[in-house]
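**Q** When you get a sec, could you give me coordinates for this:
(one chain, ligands or ions: 1)
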Amino acid sequence: MFLTLLVTLFDALDIHNQTLPGPVDDPSKLPKWNFDGSSTGQATGDDSEVILCPQAIFKDPFRRGNNILVICDCYAPNGEPIPSNKRYNAARIFGHPDVKAEEPWYGIEQEYTLLQKDTNWPIGWPLGGYPGPQGPYYCAAGAEKSYGRDIVDAHYKACLYAGINIGGINAEVMPGQWEFQVGPSVGISAGDELWAARYILERITEIAGVVVSFDPKPIPGEWNGAGAHTNYSTKSMRSEGGYEVIKKAIQKLEARHMEHIAAYGEGNERRLTGRHETADINTFVWGVANRGASVRVGRDTEKEGKGYFEDRRPASNMDPYVVTSMIAETTILCKAGLSN
Ligand SMILES: *[C@@H]1O[C@H](CO)[C@@H](O)[C@H](O)[C@H]1NC(C)=O
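**A** Have a look, this model is predicted:
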């Protein structure tokens, strides 16, 4: 059987393949592997060996059978995580007893744009021109409003096969832009599942001869950007009196707003303009059912007095390990509480 190893980089995936003697379903039973990190810009200097550490397994929807996809993270030969390994610190935060006790749930809405391969212009858009203005495309059907559904559906199906907790898909406000949702997933698994789903999307679009872009504002002007809205809930937020816990958590996020923004994706300033259903990047606003907020609380949560909130700031190209663990760190541990 084959094994495809996925290594997450900042905004890309590095893929290695390996053949094993038989089926494996537990990452700790997989061998560590290595590659030459100087070829991927992940190592410099004399010793460029990078060690791959298997962390999570999904079924391989392309090779099927006993074949698997494996999320790995990367270490230097001395055992130190290499700088692009963002999973290491996330696993450390999610392994903290206070965070574990809160069983943090995440639901992530991954937006992305499909581009024509040779022009990098959205699919369905006339070359050198624009489609009609936004309005009729969101969740639309019909050849004049919906572009790329076969790709999106194939991705949805492949994620379900892989065992990813994918909740759904829909067409977005900008034509050629789509979204899929992952979750609710607990702790580090949200990051593992989102990276696996992104990898599968790269493979499906490769087959279709289309390019997937995670740029937060692929087309400047009157076109919506692409985000990765992140829903979040802890055990205390889901229990009686949870709304008070939610409000305190939002205050903590406000206090660290610029630190979060710095970690929420490259180019996010082109998206968070205060227009097109976003809040301005330099301002923190929260509100109930407010799409122009940085953080939004749903009417259901307000009504029931417990539930979850949505951090609307993350860009589509964010690293889910960074975003999910940072939300947990800020809201559960603050800075002072985190033991090193
Ligand atoms: C996030 O919450 C919103 C409501 O605020 C809901 O409509 C959406 O389906 C949720 N998405 C995920 C991925 O959990």
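**Q** What residues does the closest residue to the ligand within the chain make contact with?
**A** Across the chain, the shortest distance to the ligand (Cβ to the nearest ligand atom) belongs to Gly107, at 2.1 Å. Every residue, glycine included, has its C-beta placed from N, CA and C. Gly107 makes contacts with 167, 181-185, 230-231, 308, as judged by Cβ atoms under 8 Å, 6 or more residues apart in numbering.
**Q** switch to 7 Å and redo it
**A** 181, 183-184, 231 (Cβ atoms under 7 Å, 6 or more residues apart in numbering).
**Q** Who wins on neighbours among those?
**A** Among the contacts of Gly107, the one with the most neighbours (other Cβ atoms under 10 Å) is Gly183, at 22 neighbours.
**Q** what does this structure have sitting close to the ligand?
**A** If contact is defined as Cβ under 6 Å from any ligand atom, the residues of the chain in contact with the ligand are 107-109, 167, 181, 183, 231, 296, 298, 310.
**Q** please redo it, this time with the cut-off set to 5 Å
**A** Where proximity means Cβ under 5 Å from any ligand atom, the interface of the chain facing the ligand comprises 107, 109, 181, 183, 231, 298, 310.
**Q** Out of the residues you listed, which is nearest to Leu52?
**A** Compare each of the residues of the chain next to the ligand with Leu52 using Cβ to Cβ and the shortest gap goes to Gly183, at 26.4 Å.
**Q** which element is that closest one on?
**A** When secondary structure is defined using DSSP states H and E, the element that contains Gly183 is strand 177-186.
**Q** Just checking: what are the partner strands of that strand?
**A** For strand 177-186, sheet partners with direction are given as strand 105-116 (antiparallel), strand 166-171 (antiparallel), following DSSP bridges.
**Q** Of those strands, flag the one that's most buried.
**A** Greatest average neighbour count among the strands paired with strand 177-186 goes to strand 105-116 (a mean of 23), per mean count of other Cβ atoms under 10 Å.
**Q** sorry, back to before: reformat the residues of the chain next to the ligand as JSON lines; add distance to Gly128 and pLDDT.
**A** Listed next are the residues of the chain next to the ligand as JSON lines, based on distance: Cβ to Cβ, whole Å; pLDDT from 0 to 100:
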{"residue": "Gly107", "distance to Gly128": "39", "pLDDT": "98"}
{"residue": "Glu109", "distance to Gly128": "31", "pLDDT": "98"}
{"residue": "Gln181", "distance to Gly128": "34", "pLDDT": "98"}
{"residue": "Gly183", "distance to Gly128": "39", "pLDDT": "95"}
{"residue": "Asn231", "distance to Gly128": "39", "pLDDT": "98"}
{"residue": "Gly298", "distance to Gly128": "42", "pLDDT": "95"}
{"residue": "Glu310", "distance to Gly128": "37", "pLDDT": "97"}
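**Q** Tell me, what's the model's pLDDT at the residue nearest to Ala289 when sequence neighbours are not counted?
**A** Residue nearest to Ala289 in three dimensions, not counting chain neighbours: Arg299, with 5.1 Å by Cβ to Cβ, 6 or more residues apart in numbering. According to the per-residue confidence, Arg299 scores 96 in pLDDT.
**Q** Nice, that's everything, thank you.
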